[in-house]
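>>> Everything below, folded, please.
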Amino acid sequence: MASWRVLLAEDEPLMAQMMVDMLAELPVEVVVARDGREALARVQEQRPDLILLDAVMPELDGWQVAAALKGSPATADIPVIFLTARGRTEDKVRGLELGAEDYLVKPVQRDEILARVRNVLRRSERRRAVPPTEAPVMRGRLDVMRLANLVQALEVDRRTGTLHLNSRERRGQILFIEGRVAYAMEGPREGEAAVFSMLAWEEGDFELELTSGSGPDSAAVARPNEFLLLEGARRLDELPARRRALEELTGPVQMFPLFREGLLRRTLPGGFHRLVSLCDGSHDLAQLLDASTLDEWDTLTLLGRLHGLGMLQHGHPAKRRAPRLGIQIPVEFQSLQTFHPAQSLDVSARGIFLNTADVFPVGEDLLVRFKLPGIAHPFKTVGRVVWSSPSDTPQGLPAGMGVQFLDLEASEEGILEQYVVELLLDRVLVTPPDATE
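Numbering: from 1, shown residues only. Here you go, the predicted model:
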């Protein structure tokens, strides 16, 4: 019966099978990961007693995996043996400086790998038998003492340690250095996003261990505790309104493909990019909130912005056949005789809405001409009035006319649609919330 679990991170299937066969005579269960990212996921899921780590792998290489493991208090004590074809002295030094127990160069002999693995596991067994010198110094329930109170208490005491938090199925940890929040992780969220997420937890439990060390750079928190608590309180106050603003987002959340593809082609903050990629119609709002690397406030803020600009396939925007955008530019229209001026319009590739009290009756044809900033080509086309009102309506619609284009050429439709899409994408990116992967 296996008494130890060994994680083998090896992307070459033949080499992986050879290693599994070699280790078969030891009382170990071997778990295989095919790349660095899968290796980190397996560590979180199954907590191995030893990791055999190849240096050269896809997704994340062995150096990155080792740095992430040794940089996290939760995994820093898991022994690592590098097993790689890279035999240069500087590579060995690099591996050992990252905290590896040993460094073996392929190809390795069966007896050697078995001896090295036995030695490391024996040392781990001796550590297992020795009770920890430090028991948790603080534990309790979050419904009695919320995270904001814990942060203040640990800051006053200038504590260094790891605070573990659990709420339902969610797990998180914060590393304090002399009372300051230094690193934080919660699910897919890291850094400030993880702190803001856990500040919202109203139930669960916590435990403080007197550990020291550091975490991955992506989980580092640079701003002081006072900022985190004040900003976290502001976000908590605003969360109910942001939730209400998206109540109608039921079912899968999906962006119109032209907007989603356009945003993904742009340079976006990491968390923003991930959220846009998740809006593919396979996640509902609750699933988006769970999978987002942003905290709930940032996620809802961005989704609210996308929804307000008509980029999500839901509600009234979904009924439109083309994106529409309000632009403050001069526009002229006439009905058989004289052109009338207006100063703004909502434009799409299918038609326009003229903001004017000088309206024509529904069904009347008129000539419209306007020029968009940055587009040399002026637009002149015949349209038909499909809605009109000389004054603002009780339903909140402004005075004006909805005009459907009748003879706009396909090339001009393409120019208009691309123009509207690019301006809408620009509006999404105006003062986006802080978002890091």
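
>>> And stretch 169-179, how far out from the chain middle?
20 Å (Cα atoms, centre = their mean, to the nearest Å).

>>> Dump it to PDB, keeping only the CA atoms.
Extracted in PDB, the C-alpha atoms of stretch 169-179 (Å, rounded to 0.1, in the frame of the first residue of the first chain):
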ATOM      1  CA  GLU A 169     -15.900  26.000  -0.200                       C
ATOM      2  CA  ARG A 170     -13.600  29.000  -0.500                       C
ATOM      3  CA  ARG A 171     -10.000  29.100   0.900                       C
ATOM      4  CA  GLY A 172      -7.600  31.900   1.200                       C
ATOM      5  CA  GLN A 173      -4.400  33.000   3.000                       C
ATOM      6  CA  ILE A 174      -2.700  36.200   3.800                       C
ATOM      7  CA  LEU A 175       1.000  36.500   4.800                       C
ATOM      8  CA  PHE A 176       1.700  39.300   7.300                       C
ATOM      9  CA  ILE A 177       5.200  40.700   7.800                       C
ATOM     10  CA  GLU A 178       5.500  42.700  11.000                       C
ATOM     11  CA  GLY A 179       1.700  43.400  10.900                       C
END
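
>>> what ranges do the helices span in this structure?
Applying DSSP state H to the chain gives helices spanning 13-22, 36-46, 62-71, 89-97, 110-129, 147-157, 192-199, 225-245, 257-264, 270-278, 285-291, 296-308, 315-319, 410-428.

>>> Looking at these, which one is packed in the most?
helix 192-199 (a mean of 26; mean count of other Cβ atoms under 10 Å). Glycine gets a C-beta too; all of them are placed from N, C-alpha and C.

>>> how many degrees apart are that helix and helix 225-245 in direction?
If you take axes from the mean of the first three to the mean of the last three Cα atoms, to 10 degrees, helix 192-199 sits at 70 degrees to helix 225-245.

>>> tell me the mean pLDDT over helix 192-199?
Averaging pLDDT along helix 192-199 yields 95.

>>> by contact count, what packs against that helix?
helix 147-157, strand 170-177, strand 180-186, helix 225-245, helix 296-308 (3 or more Cβ pairs under 8 Å, 6 or more residues apart in numbering; DSSP states H and E).

>>> now for these, which one comes closest to Asp77?
Nearest to Asp77 among the helices and strands packed on helix 192-199 is strand 170-177; the distance by Cβ to Cβ comes to 14.3 Å.

>>> The closest one: which residues count as buried?
By 16 or more other Cβ atoms under 10 Å, the buried positions in strand 170-177 come out as Arg171, Gly172, Gln173, Ile174, Leu175, Phe176.

>>> Direction included, what does it pair up with?
strand 161-167 (antiparallel), strand 180-186 (antiparallel) (DSSP bridges).

>>> thinking again about what came up before, with distance to Lys380 as extra columns, can I get the helices of the chain in CSV?
Below are those laid out as CSV (distance: least, Cβ to Cβ, whole Å):
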stretch, distance to Lys380
helix 13-22, 65
helix 36-46, 55
helix 62-71, 58
helix 89-97, 67
helix 110-129, 79
helix 147-157, 61
helix 192-199, 50
helix 225-245, 40
helix 257-264, 26
helix 270-278, 36
helix 285-291, 44
helix 296-308, 32
helix 315-319, 28
helix 410-428, 10
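
>>> Flag whichever of these has the least confidence on average.
helix 315-319 (a mean of 41).

>>> now Gly95: how far from Ala55?
Counting by Cβ to Cβ, to the nearest Å, the gap from Gly95 to Ala55 is 7 Å.

>>> any residues in contact with both of the two?
Gly62, Trp63, Phe82, Thr84 (Cβ atoms under 8 Å, 6 or more residues apart in numbering).

>>> okay but the second one is in contact with Ala55, surely?
Yes. Counting by Cβ atoms under 8 Å, Trp63 sits close enough to Ala55 to count as a contact (6.4 Å).

>>> what do the two both touch?
Common neighbours of Trp63 and Ala55 (Cβ under 8 Å, 6+ apart) are Gly95.

>>> quick one: stretch 284-297 to chain centroid distance?
8 Å.

>>> Please apply the same query to stretch 4-12.
Mean-position distance between stretch 4-12 and its chain equals 28 Å (Cα atoms, centre = their mean).

>>> Name the surrounding residues that touch that stretch.
Residues outside stretch 4-12 that contact it (Cβ under 8 Å, 6+ apart): 16, 19-20, 23, 26-36, 38-39, 42-43, 46-54, 56-58, 62, 65, 83, 117, 121.

>>> rerun that using 6 Å as the cut-off
Stretch 4-12 has contacts (Cβ atoms under 6 Å, 6 or more residues apart in numbering) with 16, 19, 28-35, 39, 42, 48-54, 57, 121.

>>> One more: stretch 45-52?
Counting by Cβ under 6 Å, 6+ apart, Trp4, Arg5, Val6, Leu7, Leu8, Val31, Pro79, Val80, Ile81, Leu83, Val120, Ser124 sit against stretch 45-52.

>>> What does the pLDDT read for the first one?
Which is Trp4. pLDDT at Trp4 comes out at 86.

>>> Domains in this structure, by residue range?
4-129, 138-240, 246-319, 325-420 (automatic domain parsing).

>>> who wins for proximity to Arg427 among these?
Once the domains of the chain are compared by Cβ to Cβ, domain 246-319 is nearest, at 6.0 Å.

>>> tell me the contacts of Arg116?
So Arg116 contacts Asp102 (Cβ under 6 Å, 6+ apart).

>>> Count the neighbours of the nearest residue in space to Arg141 that is not next to it in sequence for me.
Leaving out its chain neighbours, the residue that sits closest to Arg141 by Cβ to Cβ, 6 or more residues apart in numbering is Asp205, at 5.4 Å. Using other Cβ atoms under 10 Å, Asp205 is surrounded by 14 other residues.

>>> Look up how far Phe379 lies from Asp205.
64 Å.

>>> Ramachandran coordinates for the closest residue in space to Gly71 that isn't next to it in sequence?
Closest residue to Gly71 apart from its sequence neighbours, by Cβ to Cβ, 6+ apart: Pro216 at 4.7 Å. Dihedral pair for Pro216: phi -60, psi 150, per degrees, to the nearest 10.

>>> which parts of stretch 97-106 are buried?
In stretch 97-106, counting by 16+ other Cβ under 10 Å, buried: Leu98, Gly99, Ala100, Glu101, Asp102, Tyr103, Leu104, Lys106.
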